[in-house]
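Student: Could you work out the structure for the sequence below:
(one chain, ligands or ions: 1)
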Amino acid sequence: MSAEHRPEVSGADPDPGSAPGPEPLPGPAPVLDPGPAAAAGAGEPVTITVCPDGPLLVRGGYELLDGDDRPIDPGRATVALCRCGASSIKPFCDGSHKRARFRAR
Ligand code: FES
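Tutor: A predicted model of the protein is given here:
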C-alpha cells in the first residue's frame with residue numbers, strides 16, 4: 001500500500017444502516033484522482049469491522065482501489081463498504097441493506 005494514496009478524513013457514520021429514517025449517503029461519489037485527501041491515514045493500522053447484517057467499516061491507513069487497480073478517493077478516513085450488493089453507490093454502503101433485509105448468515 002503506497003502512502004501517497006492514503007485517504008484523509010473526517011467522521012463517517014460508523015453504522016450508516018443503524019439510523020432510523022432516510023439513510024444518509026456515506027460520502028461524495030468516488031473519484032479516480034486520489035488528490036490531497038489521499039495523504040492522511042498513512043502509517044495507521046487498518047481495521048475492518050463487520051457490522052451485523054450491514055457494511056464493512058474500514059478505518060486507518062488503507063488504500064481503496066477499483067477493479068483496474070486505480071485509486072478511489074473515498075473522501076473520508078472511515079468508509080462503509082457494501083457487502084449486501086444492493087447499494088446504488090458501490091463499493092460504498094448507502095443503507096440499502098436495511099431495505100433489502102440483508103442477513104449475513
Ligand atoms: S451493506 Fe449497506 S447497502 Fe449493502
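Student: Start from the N-terminal end of this protein and give the helices.
Tutor: Remark: helices assigned in the chain by DSSP state H are 96-99.
Student: Could you pull out the strands in it for me?
Tutor: Listed in chain order, the strands of the chain (DSSP state E) span 47-50, 56-59, 79-81.
Student: Tell me which of the ones you listed sits most buried.
Tutor: Highest mean neighbour count of the strands of the chain: strand 79-81, a mean of 23 (counted as mean count of other CB atoms under 10 Å). To be clear about C-beta, it is placed using only N, CA and C from the backbone, and glycine gets the same treatment.
Student: tell me the mean pLDDT over that strand?
Tutor: Along strand 79-81, the predicted local confidence has a mean pLDDT of 96.
Student: about what we covered before: in JSON lines, list the strands of the chain along with distance to residue 69.
Tutor: What follows is these, written out as JSON lines (distance: least, CB to CB, whole Å):
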{"stretch": "strand 47-50", "distance to residue 69": "19"}
{"stretch": "strand 56-59", "distance to residue 69": "17"}
{"stretch": "strand 79-81", "distance to residue 69": "17"}
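Student: Of the ones you listed, which is nearest residue 68?
Tutor: Shortest distance between residue 68 and the strands of the chain, using CB to CB, is found for strand 79-81: 17.7 Å.
Student: Could you check that closest one against the ligand for contacts?
Tutor: No: Strand 79-81 lies apart from the ligand when judged by CB under 6 Å from any ligand atom; the minimum separation is 6.8 Å.
Student: Check which helices and strands that strand sits against.
Tutor: strand 56-59 (3 or more CB pairs under 8 Å, 6 or more residues apart in numbering; DSSP states H and E).
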